[in-house]
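A.B. asks: 3D model of this:
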Amino acid sequence: MDEAMTMQEIEARFDSEWVLLEDPDVSQELGITGGKVLWHSKDRDEVYRKAMAIRPKRLAILYAGTIPEGVAFAL
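C.D. replies: Residues are numbered from 1 along each chain as shown. The predicted model follows:
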């Protein structure tokens, strides 16, 4: 997959999945507004492995959906 999409398109198409973006588009507030989708999966580790294999220069990995209760993220 190698398709540029907006965040609205990403969230609609990959609901409750992890998404690997190349060259993410960002707002002035540094929020992700879209990008080129390289990979997606319900398995976060699979997306991280793909990112390590592809090694894009600029990337973002995001969760397209509502974060489940009891889950915490470290930045």
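A.B. asks: buried ones in stretch 63-75?
C.D. replies: Y63, A64 (16 or more other C-beta atoms under 10 Å). Heads up, the C-betas are built off the backbone N, CA and C, glycines and all.
A.B. asks: low-scoring stretches of this structure, by residue?
C.D. replies: The model of the chain has pLDDT under 70 over residues 1-2, 75.
A.B. asks: C-terminal to the longest helix seen in it, what's the next element?
C.D. replies: The residue-count maximum for a helix in the chain (DSSP state H) belongs to helix 44-54. Where DSSP states H and E defines the elements, the next helix or strand beyond helix 44-54 is strand 59-64.
A.B. asks: Show which residues not belonging to that following strand make contact with it.
C.D. replies: By C-beta atoms under 8 Å, 6 or more residues apart in numbering, the surrounding residues in contact with strand 59-64 are 10-11, 13-22, 24, 32, 35, 38, 40, 44, 47-48, 51.
A.B. asks: Quick check on these: which are buried?
C.D. replies: 10-11, 14, 17-22, 24, 35, 38, 40, 47, 51.
A.B. asks: Find the pair from those with maximum spatial separation.
C.D. replies: E11 and A51 (19.7 Å; C-beta to C-beta).
A.B. asks: A51 touches V19, doesn't it?
C.D. replies: No - the pair A51 and V19 fails to qualify as a contact (C-beta atoms under 8 Å) at a distance of 10.8 Å.
A.B. asks: between the two, what contacts are shared?
C.D. replies: Contact criterion C-beta under 8 Å, 6+ apart; residues shared by A51 and V19: W39, I61.
A.B. asks: And the longest helix of the chain, what does it pack against?
C.D. replies: Other elements packing on helix 44-54 under the criterion 3 or more C-beta pairs under 8 Å, 6 or more residues apart in numbering; DSSP states H and E are strand 17-26, strand 32-41, strand 59-64.
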